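A.B. asks: What follows is a predicted structure for the sequence shown.
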Amino acid sequence: MASQTSTSWNSSFTVIESADHQKPESCPVRHWAALAPDRIAIHTTTALTYRQLDQRLNSLCQQLADAGIRRGDHLAAVVRGALEDVLLAWACVRSGVVFCPLNPAFPLARQHELATLLDATAFWSASEIPAGNWQPLQLDFERELRANEEAWPLEPTQLNNMILTSGSSGTPKSVVHRLSNHLASARGSAALIPLDKECGWLLSLPLFHVGGYAILFRVFLAGASLVLDQRERPLKERLECQPITHLSLVPTQLWRLLAEGFDPAHTRLRELLLGGAAIPQPLVSRLCAMGLVPKVSYGLSEMGSQVCTAIPGDAGVVGKPLPGREVCIKEQEICVRGATLFAGYYRAGELELPLDEAGWFHTRDKGGFTAVGALMVEGRLDNLFISGGENIQPETIEQRLVNHPAVAQALVVPVPSDEWGQRPAAFIGWHGEPVPYPELAAWIRSTLPGFMVPDQWHPWPDLGGHLKPQRKQYQQLLLRQ
């Protein structure tokens, strides 16, 4: 693996994309409403054509204007992925209103706190709206308004959204993107994950997460269909009966699907993205044997979602940068920049963009390049700990553990040790019959140094069913014992 201090790789499209996206362009929904008005834009309990979607957006934009909401105003919205949520998100794109999505799991007091942090001008929720220094909105999402014949112009340089991310510190950061960031992200994504009019992408990720929000841009730019999630129905059933061709999952979800008898041959799936945790090689092999080759991605909120995407190979290898992105390694840290780079963090009414002198954003992820220029992600620099003078990257142990045929998920955290300072402790989730922990210890020792074998082994706890576990939460669980 190449690990020079300033090695970098980028896409030849970076400058082209950045320049093109400063020009006004028409709203893609309006484009497809004119070109293919009867094509299905959204699959929900009933299908919505591009013409119908365009007309509902026309009405919502008018309602926002009538309520006094103007370009540049901040609209806090409690959303996950319902039809109303999607409509409001895209109406904000059209109106130049800054979309500020909030997690519906937050209690009312937390919603108030975050909306205040975001300087919300207006607030929308399908349930109760907290009282505050903003305008509560009541909107009719079923009203339609016929379009004029003109294209709806979009200004790519406009501030488009604020998405909250806790990162590794747990302190919320408000990541602000320009519209051009999302347009560049979607176009670069299509280089490796093509979309066309026959495709349907399941909105399985929430709109308050950049990964879910990015799906809207990929789908609408391509004139494809957005398939809304129906969480009350089993995913296997939905895949077998709905027009879902594109899907994003974490490994645990895929293990569950396979345990239920999932067969890609009984679905329309073309593309499956795996992420959010170490990718088990047995899982990839099993899926490939069934005729569906998955892809893995590396991304972050600050880059509008995807940075690299690849077919799984060696552990941690996530491919070369997609068009519109650049990656370099500085002192083992992954640094990024390009057309998808965010506008900054919103703090006290100002945008702060923490870049180095060359314009790179430092991710705090550890990595390097392979000989052919593919990015290899080794883990978070913040997660590294020292045991008896040896550096331990917990993600390295986790990757080895999930490559064991019996292990579905693994998470490693440091625990205090009088002799060594810190030692690794492992949480293990099984997808079949458990094996004795000494077998897992031998499995690790066969490829990794002995100091990486955990001193403690624990069953996977039930901490609320989060698909992407919070490392500090698991560590605190042990410290309380």
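C.D. replies: Received the coordinates, thanks. Residues are numbered from 1 along each chain as shown.
A.B. asks: Cys27: how many residues sit nearby?
C.D. replies: Cys27 has 18 neighbours, counted by other Cβ atoms under 10 Å. Glycine gets a C-beta too; all of them are placed from N, C-alpha and C.
A.B. asks: cool, and the one 3 residues further on?
C.D. replies: Around Arg30 there are 23 other residues, counting by other Cβ under 10 Å.
A.B. asks: Ok, Gly81 next?
C.D. replies: Neighbour tally, Gly81, other Cβ under 10 Å: 24.
A.B. asks: Just to be sure, it is in a strand?
C.D. replies: No: using DSSP: H, G, I helix; E, B strand; the rest coil, the assignment for Gly81 is coil, not a strand.
A.B. asks: correct me, but it touches His209?
C.D. replies: No: Gly81 lies out of contact with His209 (Cβ atoms under 8 Å); the separation is 9.8 Å.
A.B. asks: Run through the helices of the chain in chain order.
C.D. replies: Along the chain, the stretches classed as helices by DSSP state H are 14-20, 28-35, 50-66, 83-95, 108-117, 179-189, 210-222, 235-241, 251-259, 281-289, 394-402, 437-445, 471-479.
A.B. asks: just the ones you listed: most buried one?
C.D. replies: Burial of the helices of the chain is given as mean neighbour count (mean count of other Cβ atoms under 10 Å); helix 179-189 ranks first at a mean of 26.
A.B. asks: mind checking how far that one is from the chain centre?
C.D. replies: Centroid separation between helix 179-189 and its chain, computed with Cα atoms, centre = their mean, to the nearest Å, is 14 Å.
A.B. asks: what's the model's confidence in stretch 211-229, averaged?
C.D. replies: Average pLDDT, stretch 211-229: 96.
A.B. asks: next one: stretch 447-466
C.D. replies: Per-residue scores along stretch 447-466 average to 87.
A.B. asks: List the buried residues of that stretch.
C.D. replies: Of all the residues in stretch 447-466, those buried under the rule 16 or more other Cβ atoms under 10 Å are Met452, Val453, Pro454, His458, Trp460.
A.B. asks: do stretch 261-270 as well
C.D. replies: Phe262, Thr267, Arg268, Leu269, Arg270.
A.B. asks: Among those residues, which one lies nearest to Glu142?
C.D. replies: Closest approach between the buried residues of stretch 261-270 and Glu142, by Cβ to Cβ: Arg268, at 29.0 Å.
A.B. asks: how far away is that closest one from Val227?
C.D. replies: Arg268 is 10 Å from Val227, where distance means Cβ to Cβ, to the nearest Å.
A.B. asks: Give me the neighbour count for Glu352.
C.D. replies: Number of residues near Glu352 (other Cβ under 10 Å) recorded here: 12.
A.B. asks: pretty sure it is touching Tyr345, no?
C.D. replies: Yes: Glu352 lies in contact with Tyr345 (Cβ under 8 Å); the separation is 4.9 Å.
A.B. asks: what mean pLDDT would you report for stretch 32-48?
C.D. replies: Here stretch 32-48 scores 95 as its mean pLDDT.
A.B. asks: What spatial separation is found between Trp255 and Gln409?
C.D. replies: Distance of Trp255 to Gln409, computed by Cβ to Cβ: 8 Å.
A.B. asks: circling back: which stretch in the helices of the chain is the model least sure about?
C.D. replies: helix 14-20 has the lowest average pLDDT among these, namely a mean of 36.
A.B. asks: show me the contacts for Arg143.
C.D. replies: When contacts are counted by Cβ atoms under 8 Å, 6 or more residues apart in numbering, Arg143 touches Arg56, Ser59, Gln63.
A.B. asks: list the contacts for the closest residue to the last one other than its chain neighbours?
C.D. replies: For Gln63, the nearest residue in space outside its immediate sequence neighbours is Leu139; the separation is 5.5 Å by Cβ to Cβ, 6 or more residues apart in numbering. Residues near Leu139 by Cβ under 8 Å, 6+ apart: Leu60, Gln63, Leu64, Glu84, Leu88, Trp124.
A.B. asks: Looking at those residues, which one is closest to Ala147?
C.D. replies: For those, the nearest to Ala147 is Leu60 (12.8 Å; Cβ to Cβ).
A.B. asks: Would you mind listing the residues in contact with that closest one?
C.D. replies: Neighbouring residues of Leu60 by Cβ under 8 Å, 6+ apart: Leu87, Leu88, Ala91, Leu139, Phe141.
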